[in-house]
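K.L.:
pasting the structure only:
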């Protein structure tokens with residue numbers, strides 16, 4: 001009797017797909033368990049000049065007041081912002097500048113590096129929808145993966161120019177888990193602290 005043995009390429013693709021499912025499950029769980037109170041609370045201190053001395057605010061005007069700028073820049077380390085960053089990087093790296101990329105609505109034309117211009121935090125429902133969108137993006141990108149596509153060097157416009165596309169895709173698993181873990185640890189620590197009060 002002969003047993004079916006999948007090709008090595010399909011074993012790797014199935015394994016990477018499963019790893020992404022796990023990473024996105026971790027992120028979804030952390031987002032789900034984050035309370036409304038913690039959703040917009042900074043998880044760590046962000047340098048006030050991270051986005052420059054006068055980053056644009058929600059009205060598009062530069063924010064020069066140090067207190068207002070500090071509060072605005074702290075968005076960078078909130079659970080909603082960190083989850084958004086992880087998803088945007090994953091979504092972008094699946095494309096790898098090898099074709100046109102644009103995140104789905106409502107994230108379209110609102111890159112994370114311009115987060116100070118957002119009029120409000122993304123909602124939990126919006127982030128969860130982006131997680132689901134990225135799940136499908138992973139499935140679609142990897143289902144169509146070939147040795148040749150995996151080995152394609154990333155173009156000069158990509159931050160990892162010259163690296164094989166497969167390298168940045170597989171690195172995205174760890175990046176997603178890293179940020180899911182940060183949110184999970186923050187939520188867990190705060191929950192423990194509140195139970196002691």
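P.N.:
Everything's here; your move. Just so we're clear, the structure is a prediction, and the values are computed from it rather than from any experiment.

K.L.:
now stretch 85-99: buried residues?
P.N.:
85-94, 96-97 (16 or more other Cβ atoms under 10 Å). From N, CA and C alone the C-beta is placed, and that goes for glycine too.

K.L.:
in stretch 63-83, what's buried?
P.N.:
In stretch 63-83, counting by 16+ other Cβ under 10 Å, buried: 63, 69, 72-83.

K.L.:
so which of these are in helices?
P.N.:
Among the buried residues of stretch 63-83, the members falling in helices are 69, 72-73, 79-83 (criterion: DSSP state H).

K.L.:
what's the most distant pair in those residues?
P.N.:
With distance counted by Cβ to Cβ, no two of those lie farther apart than 69 and 83, which are 23.3 Å apart.

K.L.:
phi, psi for the residue minimising distance to the centre of the chain please.
P.N.:
Taking Cα atoms, centre = their mean, the centroid of the chain lies closest to residue 86, which sits 1.3 Å from it. The main-chain torsion angles of residue 86 are listed as degrees, to the nearest 10 and equal phi -60, psi -40.

K.L.:
residue 153 now?
P.N.:
When read as degrees, to the nearest 10, the backbone of residue 153 gives phi -70, psi 140.

K.L.:
quick check: it touching residue 163?
P.N.:
Yes - using Cβ atoms under 8 Å, residue 153 and residue 163 qualify as a contacting pair, with a distance of 6.8 Å.
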